[in-house]
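K.L.:
how does the following fold in three dimensions:
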Amino acid sequence: MKRMFRFCLPLLFVLASPTLQAYEKRVLCVWDIVGNAGPIADAVKEYQLEALKWGVDLEVQVNTSERVITEQFRARQCDAAIVSELRSRTFVKYAGSLFAVGAIPDTDHLRLMHQLLATPQSASNMREGPFEVAGIVPGGAVYVFVRDRSINSLNKAIGRKVAVMGDDKYQQQMVELIGATPISVTEATAGSMFNNGAVDVLPAPAVAYGPLELYRGLAPNGGIIRFPLSQISAQLLIWHERFPAEYGQKSREYFFANIDRALHEISKAEQQIDEKWWVDIPDEDKAKYEILMDETRIKAVEAGYWDGEMIKLQRRVRCKFDPQRAECSKPRDVL
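P.N.:
Sure thing, here's the model as predicted:
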């Protein structure tokens, strides 16, 4: 009996340990267009282990429809959700404005932006009402895929059919502004509609090239304009009160600590695109587009679409790398 007691005593101690009994069970809904075998779903497995260290036991549910995930989160069927910033913008506008057109020119700018957003100084901006962005992972630059490589300027896009996310009214307005025709697509239909010619122009990241088989739509005369339109990301949204007080900050720091892994995958995806598809545009055209994108960002803030403080922060980062930019002469508190 004494030997049995000595054997059971450590087990009783473990079972009574508060660190093992204090886990809060929460549901994390994940959008991955590939499903359970996709890259986001796979990466979340490691995140689950980290969350245990912070006192949260996450049950992961994966869905290929971003719309479904978003509505489940809104209805509190999920305590947390991983969606694109296009969707997260309706919950936390500041972080959801990260993908503003032309705001992040390259990887150096992107890395600094993600670093700044992961600091404790940014914590208050990462919350809006009951919602909090608890992590951001880069998805890569968005390029313009065209079925006809002669469409290498805005003027040549007039009358063309341009893919826009069906529920994004601002994208539709932008397309109409340049004289093109917006065609509603979803994350599930965008690739096939481009490949079968239902749309002439598709803004998409390089990581979509393989999974969506966009080379089918590019053949034989298409191209990819080598000029980043924006930088997309996936963002982790949480109902703040459903998690420990410091969870969001620890989570954001974890996401940034792993940014190089995401950037490596993005770089690998871009390198896998056949060089023949890339289309370079003249530097003078790029300068014109930068001015146009600056004007677009300002109008979008005035319309309440993007957050003004985020747009100012992005400009400060651009000016840190290139103080000679025309926009850098503006006062810091002016868009």
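K.L.:
what's the per-residue pLDDT of S153 here?
P.N.:
For S153, the model assigns a pLDDT of 83.
K.L.:
from R160, how far out is it?
P.N.:
For S153, the distance to R160 equals 11 Å [CB to CB, to the nearest Å]. From N, CA and C alone the C-beta is placed, and that goes for glycine too.
K.L.:
more neighbours: which of the two?
P.N.:
R160 (19 against 14; other CB atoms under 10 Å).
K.L.:
could you pull up phi and psi at the more buried one?
P.N.:
Dihedral angles of R160 (phi, psi; degrees, to the nearest 10) stand at phi -80, psi 160.
K.L.:
now for it: which residues touch it?
P.N.:
By CB atoms under 8 Å, 6 or more residues apart in numbering, R160 lies in contact with 151, 180-181, 200-201.
K.L.:
which members of these occur in strands, if any?
P.N.:
181, 201 (DSSP state E).
K.L.:
what's the farthest-apart pair in the contacts of R160?
P.N.:
Greatest spatial distance in the contacts of R160: I151 and T181, 13.1 Å, computed using CB to CB.
K.L.:
contacts only, for the closest residue to R315 other than its chain neighbours.
P.N.:
If the residues on either side of it in the chain are set aside, R315 comes closest to E327, at 5.9 Å by CB to CB, 6 or more residues apart in numbering. By CB under 8 Å, 6+ apart, the contact set of E327 is 294, 315, 318-319.
K.L.:
assign a three-state SS to E327, would you?
P.N.:
Classification of E327 using DSSP: H, G, I helix; E, B strand; the rest coil returns helix.
K.L.:
any idea how far it lies from A41?
P.N.:
On the measure of CB to CB, E327 and A41 end up 39 Å apart.
K.L.:
same deal with R87?
P.N.:
For R87 relative to A41 (CB to CB), the value is 17 Å.
K.L.:
which of these two has more neighbours?
P.N.:
R87 (25 against 20).
K.L.:
in stretch 61-73, which residues are buried?
P.N.:
61-64, 66-67, 69-70, 72-73 (16 or more other CB atoms under 10 Å).
K.L.:
tell me where this structure has helices.
P.N.:
2-16, 18-21, 39-53, 66-74, 85-88, 93-96, 107-117, 169-177, 190-195, 215-218, 247-257, 259-271, 283-302, 308-321 (DSSP state H).
K.L.:
closest to W31 out of those?
P.N.:
In terms of CB to CB, the element of the helices of the chain nearest to W31 is helix 66-74, at 4.4 Å.
K.L.:
neighbour count: I151 and T181, which is higher?
P.N.:
Per other CB under 10 Å, whichever of I151 and T181 has more neighbours is I151, with 22 against 17.
K.L.:
over to the more buried one: give its phi and psi.
P.N.:
phi -80, psi 70.
K.L.:
per-residue confidence at S97?
P.N.:
95.
K.L.:
look up how far H114 lies from P120.
P.N.:
Taking CB to CB, one finds P120 at 15 Å from H114.
K.L.:
of these two, who's got more company?
P.N.:
Ranked by neighbour count (other CB under 10 Å), P120 and H114 place H114 first, with 22 against 10.
K.L.:
dump the residue contacts of the more buried one.
P.N.:
136, 138, 255-256, 259.
K.L.:
now with 7 Å, please.
P.N.:
By CB atoms under 7 Å, 6 or more residues apart in numbering, the contact set of H114 is 136, 138, 256, 259.
K.L.:
neighbours around I104, how many?
P.N.:
For I104, the count of nearby residues is 26 (other CB under 10 Å).
K.L.:
is it true that it touches M113?
P.N.:
Yes. Counting by CB atoms under 7 Å, I104 touches M113, with 6.0 Å between them.
K.L.:
shared neighbours of those two, anything?
P.N.:
Jointly contacting I104 and M113 under the rule CB under 7 Å, 6+ apart are Q314.
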